[in-house]
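Peer 1: Predicted model follows, preceded by the sequence.
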Amino acid sequence: MTMTPRFNKFALTAHITFSVGWLGAVVAYLALAVAGLTVHDAPMVRAAYLSMELIGRYIIVPFSFAALLTGLVQSLGTQWGLFRHYWILAKFLLTTGATIVLLRHMQAVSRMSDLAAETTLSSADFHAQRIQLVVHAAGGLLVLLAATTLSVYKPWGMTPYGRRKQHERRKVSQVDLLSYPNASVGPARDPPSAHHAGCMWLGSTPSVWSCCLLSCTSAAVACRAIEHRMKLYEDCHCFLRALTSV
């Protein structure tokens, strides 16, 4: 399956948008988790954990699924493929793993948000759970940065499956070229000139010798025509001189 250029650009734009939005939301989420762990103001801690649940449930989770879906569309709908390059496979595994961990992590965020809404949290309450929220957010940010790095540098080359597919595609191209040797492969060319058409008429393919032969023949014909015109001119000149002498 190959996408049209217009749909390909749309899918690529959507994938970049959701990926960048996911990364930015995780950065804000990490800042709130750090604030909930370090700030001693109870209303600030309560607001931080309530905001973390809102950002996680309504921004991070939808954007993670959207980035994963658009990434699959991009890989399966273009020549890159999903299993042909190591960096695409690694990025797919990182994104899938991050999405699964995120879904499990949201349960802990919801519990902490409910506790913050019902009670006043001090700096010592649920300290281990609050540290866990910071660690998960930092780990998610590192995974997203690693996926971004893979997209930019594209390391490690092709997988054995990708090399096999590339070899098969090259064999098909060679077979097509041998089956249709006169098919135009590449940019359109200008129609042949009259001289080149004469060269092609002498043989199935224009050769150097046939072109040289045609050029020499054309030059000989041109010389004979010039010689004939010069002789005709001399005859006319002599006739005029004879008339004037009479």
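Peer 2: Sure, I can see it.

Peer 1: separation between residue 127 and residue 44?
Peer 2: 17 Å (C-beta to C-beta, to the nearest Å). Just so you know, the C-beta spots here come from the backbone N, C-alpha and C atoms, and that holds for glycine as well.

Peer 1: same thing with residue 140?
Peer 2: Taking C-beta to C-beta, one finds residue 140 at 23 Å from residue 44.

Peer 1: Pick out whichever of the two has more residues nearby.
Peer 2: Legend: neighbour count by other C-beta atoms under 10 Å for residue 140 and residue 44, higher for residue 140 (22 against 11).

Peer 1: May I see the buried residues of whatever helix or strand the more buried one lives in?
Peer 2: Here residue 140, judged by DSSP states H and E, is contained in helix 127-153. For helix 127-153, burial by neighbour count (16 or more other C-beta atoms under 10 Å) applies to 130, 133, 134, 136, 137, 140, 141, 143, 144, 147, 150.

Peer 1: from what I can see residue 98 touches residue 140, true?
Peer 2: Yes: at 5.9 Å, residue 98 counts as touching residue 140 under the criterion of C-beta atoms under 8 Å.

Peer 1: who does the strand or helix carrying residue 21 touch, helix- and strand-wise?
Peer 2: Element membership of residue 21 [criterion: DSSP H and E] is helix 5-38. Packing contacts for helix 5-38, counted by 3 or more C-beta pairs under 8 Å, 6 or more residues apart in numbering; DSSP states H and E, involve helix 42-55, helix 61-76, helix 127-153.

Peer 1: ok and that helix relative to helix 42-55, angle-wise?
Peer 2: Put simply, helix 5-38 runs at 160 degrees to helix 42-55, going by axes from the mean of the first three to the mean of the last three C-alpha atoms, to 10 degrees.

Peer 1: can you pull the buried residues of helix 5-38?
Peer 2: 11, 14-15, 18-19, 21-23, 25-26, 29-30, 32-37.

Peer 1: where's that helix relative to the chain centroid, distance-wise?
Peer 2: Between the centre of helix 5-38 and the centre of its chain there are 20 Å (C-alpha atoms, centre = their mean, to the nearest Å).

Peer 1: again, but for stretch 121-139
Peer 2: Distance, centroid of stretch 121-139 to centroid of chain: 40 Å (C-alpha atoms, centre = their mean).

Peer 1: as a whole number, average confidence for that stretch?
Peer 2: Throughout stretch 121-139, pLDDT has a mean value of 87.

Peer 1: Contacts for it next, please.
Peer 2: The contact list for stretch 121-139 (C-beta atoms under 8 Å, 6 or more residues apart in numbering) reads 26, 29-30, 33-34, 36-37, 40, 42, 45-46, 49, 52, 101, 105, 108-109, 111-112, 115, 119.

Peer 1: rerun at 10 Å
Peer 2: 26-42, 45-46, 48-49, 52, 56, 60, 98, 101-102, 104-105, 108-109, 111-112, 115-116, 119 (C-beta atoms under 10 Å, 6 or more residues apart in numbering).

Peer 1: least trustworthy helix or strand in the protein by mean pLDDT?
Peer 2: helix 194-202 (a mean of 37; mean pLDDT, DSSP states H and E).

Peer 1: Relative to residue 84, which of the buried residues of helix 127-153 is nearest.
Peer 2: Distance to residue 84, by C-beta to C-beta, is smallest for residue 150 among the buried residues of helix 127-153, at 14.4 Å.

Peer 1: And the residue nearest to residue 27 when sequence neighbours are not counted, how close does it get to residue 28?
Peer 2: Closest residue to residue 27 apart from its sequence neighbours, by C-beta to C-beta, 6 or more residues apart in numbering: residue 141 at 6.5 Å. Here residue 141 is placed at a distance of 11 Å from residue 28 (C-beta to C-beta).
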